[in-house]
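Engineer: Kindly return the folded structure for what I paste below:
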Amino acid sequence: KGRVEIGANPDRAQGSRLQVITPSAVAAVRGTRFRVSADAAITREETLEGEVALEASGEQVAVPGGQGTLAVAGKPPRPPVALLPAPNVTQLPIRLDALPMRFTLPSQAGAVSWLGQIAEDIQFEKLLLEEISAKPQLSFADLPDGRYLLRVRAADDQGLQGRDAVHAF
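Structural biologist: This next block holds a predicted model:
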């Protein structure tokens, strides 16, 4: 149960094999960047670059970059759909002086929730804060004064998360 973001085999070297096995599906990497989230009933896969093959119930679907799919336990994967574009972060504040920290995003067609993550490094290897919201507003608790990055993405009605936008503040 959980979510993982992976960058694997960018040069598409032969003989390299990576699979993410969940209760309802198997994601096989073809040299790419992708995300997989799973619980006992549903596996969601979002391909950011390259291609991933998602297999469930004996059927496989190829998911190219910019698309995502899901597999419900006991059923084959759904046909891939386009991921939502990155949210527009151009109007977000670059300096915050009051708590809680609030970031209001413009509405986005097809979006039903938003994920925001805060880190100090551009690779987002160490997340400091994370928030999921059913509206285009993210609110975070306190952080020490400093420079940070906000990574935000919207999710569609299937729970597939779209492209990332990054905002420095």
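Engineer: in the chain, which segments are predicted with low confidence?
Structural biologist: Applying pLDDT under 70 to the chain picks out residues 9-16, 30-31.
Engineer: same thing but at 80, please
Structural biologist: For the chain, the stretches with pLDDT under 80 are 3-4, 6-18, 28-32.
Engineer: could you show me where the helices are in it, in order?
Structural biologist: With helices called from DSSP state H, the chain shows none.
Engineer: Quick check: residue 54 vs residue 63, distance?
Structural biologist: Applying CB to CB, to the nearest Å, the value for residue 54 to residue 63 is 6 Å. (Each C-beta comes from the backbone N, C-alpha and C, glycine too.)
Engineer: who does residue 103 bridge with?
Structural biologist: Per DSSP bridges, the residues bridged to residue 103 are residue 138.
Engineer: list the contacts for it?
Structural biologist: 92-93, 116, 137-139, 150, 152, 167 (CB atoms under 8 Å, 6 or more residues apart in numbering).
Engineer: any idea how far residue 143 lies from residue 100?
Structural biologist: Between residue 143 and residue 100 the distance is 10 Å, computed by CB to CB.
Engineer: If anything else comes up later, I'll come back, but that's it for now.
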